[in-house]
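Visitor: here is my input, please return the structure:
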Amino acid sequence: MPIEVEWSELAVPDYADSDAAYFPQVYFQPLVDALGAIGADDMGKEALREGISKVAAQPRCRDATRE
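Guide: Residues are numbered from 1 along each chain as shown. Below is the predicted model:
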């Protein structure tokens, strides 16, 4: 499955020196863990094959003041 990473949106200019440690911990290891847990049995493997066409890694923030 393709993984699209919006590097320009993930990177924060003042924190570039910590990106190598931060990105795997925050974005990629949780994704690997979740997909591994879902795909642990035949039903989960089938669900992944049929239900996910790609994964996008990009920051999203929710403005609590908006409805």
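Visitor: and the helices in the chain?
Guide: In the chain, the helices defined using DSSP state H lie at 7-10, 19-23, 29-38, 42-51.
Visitor: show the contacting residues for the nearest residue to residue 35 once chain neighbours are set aside.
Guide: The spatially closest residue to residue 35, leaving aside those adjacent along the chain, is residue 48, at 6.7 Å (C-beta to C-beta, 6 or more residues apart in numbering). From N, CA and C alone the C-beta is placed, and that goes for glycine too. Applying C-beta atoms under 8 Å, 6 or more residues apart in numbering to residue 48 gives the contacts 1, 35, 38, 39.
Visitor: kindly reformat those as a markdown table containing pLDDT.
Guide: A markdown table is the format used below for the contacts of residue 48 (pLDDT from 0 to 100):
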| residue | pLDDT |
| --- | --- |
| 1 | 80 |
| 35 | 93 |
| 38 | 94 |
| 39 | 94 |
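Visitor: what's around residue 19, how many residues?
Guide: 13 (other C-beta atoms under 10 Å).
Visitor: state the distance from it to residue 39.
Guide: Distance, residue 19 to residue 39, by C-beta to C-beta, to the nearest Å: 28 Å.
Visitor: then residue 24?
Guide: With C-beta to C-beta as the criterion, residue 24 and residue 39 are 20 Å apart.
Visitor: now residue 27
Guide: Residue 27 is 19 Å from residue 39, by C-beta to C-beta.
Visitor: and what of residue 57?
Guide: 19 Å.
Visitor: residue 2 now?
Guide: Distance, residue 2 to residue 39, by C-beta to C-beta: 16 Å.
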